[in-house]
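Q: here's my sequence, what's the structure:
(2 chains)
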Amino acid sequence: MTLMKSLMSAAAAVALSAGAALAEPALIFDLGGKFDKSFNEAAFTGAQRWAEETGESFREIELQSEAQREQALRRFAEAGANPIVMAGFAFADALGQVAGDYPDTKFVIIDMVVDAPNVRSVVFNEHEGSYLVGMLAAKASKSGTVGFIGGMDIPLIRKFACGYAEGVKAVNPDATVIANMTGTTPAAWNDPVKGSELTKAQISQGADVVYAAAGGTGVGVLQTAADEGILSIGVDSNQNHLHPGKVLTSMMKRVDNAVFQAFSDGPDLQTGFSVMGLSNGGVGFAVDENNASLITDEMQAAADDAAAKIATGEISVHDYMSDDSCPALSF
Amino acid sequence: MMDFLTLIQVLDSTVRLATPLLLACLAGLFSERAGIFDIGLEGKMLMAAFFSAAVAATTGNVWLGLLAGIASSLVLAGLHGLASITFRGNQLISGVAINFLAAGMTVLIAQDWFQQGGRTPSLISGGRFEPITLPFANAVEGVPVLGPIYSELLSGHSILVYLAFLAVPATAWILFGTRFGLRLRAVGENPAAVDTAGVSVVGLRYAAVMICGLLCGIAGAYLATALQAGFVKDMTAGRGFIALAALIFAKWRPWHALGACLLFGLLQAVALRFQNIELGSIVIPVQFMDALPYILTVVILAGFVGKAIPPKAGGEPYVKER
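A: As a prediction, the model looks like this:
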């Protein structure tokens, strides 16, 4: 019996040390899938950049259903992957259950806060990036009316809207901001037809720049804006290429940087609360060859200046989620 | 509160939003009048939306896209017919299965073909149905009242919109003016009588289900290639179910279906244009407007405003007496 016990513990020790020696990082994508041209794809890009720069490999899985969340986490943890990065707020419940069972594994969750000693919670200051694109929108607008189209009406999306409205008002205090949400159910993320109609309604109310923070619905917004000859603003990833010359800019959420950082830190990464804002390259706006002609030097300079001031704290952008209210916009 | 131009714009939006509902509603009308319940309208539209966009994107020809959309919808309609007519399965379950099948298959195939996360590439000119400007639309624009009505409201839609509105009198004529229509309605009320008269119940029901597939195919193609420029996963967003609600609201009659779809389209358009509506001191939240089609349908079903009586043999597989 004792022999058996020591044999088993020896085997366990070998397994553990083998796991520790491997310690590959792992990345779990959310249901949107690895190539969603947005959030998950950005995470993948970051992981790939890390793999190319270090020459090492990582593990990954694309989820097919809600039920796989916990299973995927446990399997990677059992296999000794460390750290394990998951892209998406929807992992919060599963991670809360799993984290305590694997105290030696480090977890990183993006877009959500999970309070556990071995978890790093990465959140983004979307309102800061939205503030900058709001400034650009106000400067590009000739009518003095700009639009915002959100997906599902949740606090996170109101955070986008609020930062955007503040940016618009900072440039032009008399500007009108029309903010609409597509719906109150998850179907609102994938209803481009409604996105188009909302865009047309906003155009008829005078809007000549619209900012879409609406997932798949945003495809319809950008399309209609391009068809009707007004400017649009993309979100999360760089969407400037979707309609070259017609997308003013994109509010970038650098999920790739968050993943890259986590992978680079490795198993010894610092846990706790991590905020990705303007000061550390977590958010920003995209300028490339597709929209270079739309962003004048003056606009670029003003936005860069504001970005620097936000980073140092000279300008503070209101975070809707801090008190569920927005001084610049009423919903 | 609302000036004339705003009114025109809201009505214009109503027409665009009502068109897919109308096509799907008429599709359901044919099927249910023949005694085959069909809650798979949503799935057929979704499948057609994907294949029309995929083929239009690959070939650059929107008409080929439309044909592909209709063909894919017909395949699903045939499946529904096979399950519920030939094998006498439960029609509701078959419909649910079609909805799930379409939701999964479209994204799977899209990912395999285009690697864009379940989307098709954006369609460029030629791959889309462009708006048609009716004759003299620009000339009469300046005429007060009638000018904007003609040039803004009636002109400037894609050809599928006009097709959808023409489908209403066509449906009314087929169902109530032809021998085929009489038999089709009879097969939904009393299939045994039709059988006794020596007419094939199975043949009629398959014909109805296929017409349903055709109309759903056009509805899906309209969403993906006329209203939008490409397919996005789950882009039908429940329109098949609103169309079913409209069908019940219209009590399975073609002209009433037009009215119901325009009403539901108007509700959506108003909700999108005004969001929260203030009437004096009361604020109507946008969520209420979104829910109104379903609320109205429940009111109708509960029998408060007339009674909605479905075709008598609806949902019953026909078994020949031996």
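
Q: now the stretch 1-150 of chain B, which segments are flagged as low pLDDT?
A: Counting by pLDDT under 70, the stretch 1-150 of chain B has low-confidence residues at B:1-2.

Q: can you name the residue of it nearest to chain A?
A: Taking C-beta to the nearest C-beta, chain A has its nearest neighbour within the stretch 1-150 of chain B at B:Gly117, 3.8 Å off. C-betas here are computed from N, CA, C, even on glycine.

Q: give the contact list for that residue.
A: Neighbour list for B:Gly117: A:Gly32, A:Gly33, A:Lys34, A:Phe35, A:Asp36, A:Lys37, A:Ser38, A:Asn40, A:Glu41, B:Gln111 [criterion: C-beta atoms under 8 Å, 6 or more residues apart in numbering or on different chains].

Q: mind doing that once more with 10 Å?
A: By C-beta atoms under 10 Å, 6 or more residues apart in numbering or on different chains, the contact set of B:Gly117 is A:32-38, A:40-41, A:216, B:107, B:110-111, B:232-233.

Q: again, but for A:Ala165
A: A:127, A:130-131, A:134, A:138, A:146, A:148, A:175, A:177-179, A:211, A:318, A:320, A:326-330.

Q: could you flag which of these are buried?
A: Using 16 or more other C-beta atoms under 10 Å in any protein chain shown as the burial test, these include A:127, A:130-131, A:134, A:138, A:146, A:148, A:175, A:177-179, A:211, A:318, A:320, A:326, A:328-329 as buried.

Q: the stretch 101-250 of chain A: helices as residue ranges?
A: Assigned by DSSP state H, counting those that start in this stretch, the stretch 101-250 of chain A shows helices spanning A:126-140, A:155-171, A:192-204, A:217-228.

Q: for the last one, C-alpha coordinates in PDB please.
A: Taking C-alpha atoms only, helix A:217-228 is exported to PDB below (Å, rounded to 0.1, in the frame of the first residue of the first chain):
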ATOM      1  CA  THR A 217     -25.100  45.000 -37.000                       C
ATOM      2  CA  GLY A 218     -22.300  47.500 -37.600                       C
ATOM      3  CA  VAL A 219     -21.700  45.800 -41.000                       C
ATOM      4  CA  GLY A 220     -25.000  47.200 -42.100                       C
ATOM      5  CA  VAL A 221     -24.300  50.600 -40.600                       C
ATOM      6  CA  LEU A 222     -21.000  51.000 -42.400                       C
ATOM      7  CA  GLN A 223     -22.500  49.700 -45.600                       C
ATOM      8  CA  THR A 224     -25.500  52.100 -45.600                       C
ATOM      9  CA  ALA A 225     -23.200  55.000 -44.600                       C
ATOM     10  CA  ALA A 226     -21.000  54.300 -47.600                       C
ATOM     11  CA  ASP A 227     -24.000  53.900 -49.900                       C
ATOM     12  CA  GLU A 228     -25.600  57.200 -48.700                       C
END
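
Q: let me know the pLDDT of B:Val305.
A: Note for B:Val305: predicted pLDDT of 67.

Q: neighbours of B:Gly177, how many?
A: Applying other C-beta atoms under 10 Å in any protein chain shown, we find 11 residues neighbouring B:Gly177.

Q: next one: B:Gly220
A: Neighbour tally, B:Gly220, other C-beta under 10 Å: 37.

Q: coming back round to it: quick one: the residue of the stretch 1-150 of chain B closest to chain A is in a helix?
A: No: per DSSP: H, G, I helix; E, B strand; the rest coil, B:Gly117 lies outside any helix segment and is coil.

Q: most neighbours, which of the contacts of B:Gly117?
A: Busiest of these [other C-beta under 10 Å] is B:Val232, holding 32 neighbours.

Q: now that residue: how far from B:Gly240?
A: 16 Å (C-beta to C-beta, to the nearest Å).

Q: same thing with B:Asn90?
A: Taking C-beta to C-beta, one finds B:Asn90 at 18 Å from B:Gly240.

Q: more neighbours: the two, which one.
A: Counted by other C-beta under 10 Å, B:Asn90 and B:Gly240 do not tie: B:Gly240 has more neighbours, with 29 against 14.

Q: shouldn't that one be in contact with B:Met47?
A: No: counting by C-beta atoms under 10 Å, B:Gly240 stays clear of B:Met47, with 11.0 Å between them.

Q: quick check: neighbours shared by those two?
A: Common neighbours of B:Gly240 and B:Met47, counting by C-beta under 10 Å, 6+ apart, are B:Gly40, B:Asn99, B:Ala102, B:Cys216, B:Gly220.

Q: where does the fourth one land in three-state SS?
A: When states are read from three-state DSSP, the local structure at B:Cys216 comes out as helix.

Q: per-residue pLDDT of the closest residue in space to A:Asn238 that isn't next to it in sequence, please?
A: Excluding the flanking residues, the one nearest A:Asn238 by C-beta to C-beta, 6 or more residues apart in numbering or on different chains is A:Ala286, at 4.1 Å. pLDDT, A:Ala286: 91.

Q: what of A:His243?
A: pLDDT at A:His243 comes out at 90.

Q: show me what the strand or helix carrying B:Ala260 is packed against.
A: Using DSSP states H and E, B:Ala260 sits in helix B:254-274. Secondary structure elements in contact with helix B:254-274, counted by 3 or more C-beta pairs under 10 Å, 6 or more residues apart in numbering or on different chains; DSSP states H and E, are strand A:176-183, helix A:192-204, helix B:4-33, helix B:159-177, helix B:239-249, strand B:282-284, helix B:286-301.

Q: let me know the angle separating the helix or strand just after the third one from helix A:192-204.
A: Right, the one you point to is helix B:4-33. The helix or strand immediately downstream of helix B:4-33 is helix B:41-59, counting by DSSP H and E. For helix B:41-59 against helix A:192-204, the angle by axes from the mean of the first three to the mean of the last three C-alpha atoms, to 10 degrees is 80 degrees.

Q: please identify the buried residues of the following helix or strand past helix B:41-59?
A: Tracing the chain C-terminally past helix B:41-59 and defining elements by DSSP H and E, one meets helix B:62-81 next. The neighbour-count criterion (16+ other C-beta under 10 Å) identifies B:62, B:65-77, B:79-81 as the buried residues of helix B:62-81.

Q: repeat that for stretch B:219-239.
A: Neighbour-count burial for stretch B:219-239 [16+ other C-beta under 10 Å]: B:219-237, B:239.
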